[in-house]
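Chemist: return atomic coordinates for the entry below.
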Amino acid sequence: MTGNNALKSLVVETIQSPRTAARRIMDMWLSRDILWTALVALAAINAIIMSIGLLMSDTSDIPPFMRSPLILFFMVGGLQVLSVHGFYWAGKIIGGHGDMGELLSLLVWVQVLQAAAQMMTFVLALVLPPLADIFSMVASVLALWITVNFIAEALRLPTLLHAVGVMVLGIVGIAFGLAILIGLIGMGAMGVPVNV
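Modeler: Now for the predicted structure:
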């Protein structure tokens, strides 16, 4: 099977049978160095896509420092790192016993799919704006479904309900961490020392 066909097959399997796809991804045993590097690259891609979107929309409601591609990169990257740790430790609290590297590999794949969906949404927004909204909504629901299944598989949780619990608990932790991150970025952007 060629690289392109293998990738298409994995995308289809991820949508049709996310837990089977999760096992296939985890069996690749990618190193954490590769996975963290991929996460940083995806944060950069997402920040670029978001920046282009902001250039084409009214940004008067958004604080000026939030329009910076660099700030967007740090926010997206920070959110992704917080998600990995938030879901992993929430899973431990709920009784999961998976490996962080396996969870990381699955969340990186979700980010790859979301970046592709964002690019498709962006293209659709230029040619068929109503279709772009529908596509974006469907992609978001699919991403949530895939993520719940991936968390259940990576953390060896008995049911999807446990995975939903991990997501809820993890999101609370992520929100707390993100509030701190935004505070630090915001204060830094305004010239306020962040080490006081």
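Chemist: now do the lowest-mean-pLDDT helix or strand in the chain: distance to the chain's middle.
Modeler: Scoring the helices and strands of the chain by mean pLDDT, DSSP states H and E places helix 160-189 at the bottom, with a mean of 79. Distance of helix 160-189 from its chain centroid, counting by C-alpha atoms, centre = their mean, to the nearest Å, is 12 Å.
Chemist: now for it, which elements pack on it?
Modeler: helix 69-94, helix 129-154 (3 or more C-beta pairs under 8 Å, 6 or more residues apart in numbering; DSSP states H and E). C-beta: built from backbone N, CA, C; applies to glycine.
Chemist: the first one vs helix 160-189, what angle?
Modeler: Orientation note: helix 69-94 sits at an angle of 140 degrees relative to helix 160-189 (axes from the mean of the first three to the mean of the last three C-alpha atoms, to 10 degrees).
Chemist: same thing with the last one?
Modeler: Using the same axes, to 10 degrees, one finds that helix 129-154 and helix 160-189 are set 110 degrees apart in direction.
Chemist: wait, Val112 sits on Ile45?
Modeler: No. At 9.3 Å, Val112 does not count as touching Ile45 under the criterion of C-beta atoms under 8 Å.
Chemist: contacting residues for Gly95?
Modeler: Neighbour list for Gly95: Leu157, His162 [criterion: C-beta atoms under 8 Å, 6 or more residues apart in numbering].
Chemist: ok, it to Gln114 distance?
Modeler: Taking C-beta to C-beta, to the nearest Å as the measure, Gly95 falls 28 Å from Gln114.
Chemist: can you check Ile49 too?
Modeler: 10 Å.
Chemist: grab the most central residue of this structure for me.
Modeler: Nearest residue to the geometric centre of the chain (C-alpha atoms, centre = their mean): Gln111, 4.5 Å.
Chemist: run a quick neighbour tally on Pro129.
Modeler: Residue neighbour count, defined by other C-beta atoms under 10 Å, stands at 9 for Pro129.
Chemist: try Ile134
Modeler: 12.
Chemist: measure it to Ser140 for me?
Modeler: Using C-beta to C-beta, Ile134 is found at 11 Å from Ser140.
Chemist: same thing with Phe150?
Modeler: For Phe150, the distance to Ser140 - C-beta to C-beta - is 15 Å.
Chemist: which residue of the two possesses the greater neighbour count?
Modeler: Neighbour count, other C-beta under 10 Å: between Phe150 and Ser140, Phe150 has more, with 26 against 13.
Chemist: gap between Ser17 and Glu153?
Modeler: In terms of C-beta to C-beta, Ser17 sits 11 Å off from Glu153.
Chemist: so for these two, which residue has more residues nearby?
Modeler: Glu153 (22 against 13).
Chemist: where does pLDDT dip in this protein?
Modeler: Low-confidence segments of the chain (pLDDT under 70): 1-3, 56-60, 62-67, 181, 185-196.
Chemist: can you rerun that using 80?
Modeler: For the chain, the stretches flagged by pLDDT under 80 are 1-4, 50-69, 177-178, 180-196.
Chemist: the residue nearest to Ile146 when sequence neighbours are not counted: neighbour count?
Modeler: Computed as C-beta to C-beta, 6 or more residues apart in numbering, the closest residue to Ile146 that is not its neighbour in sequence is Pro18, at 4.8 Å. Around Pro18 there are 21 other residues, counting by other C-beta under 10 Å.
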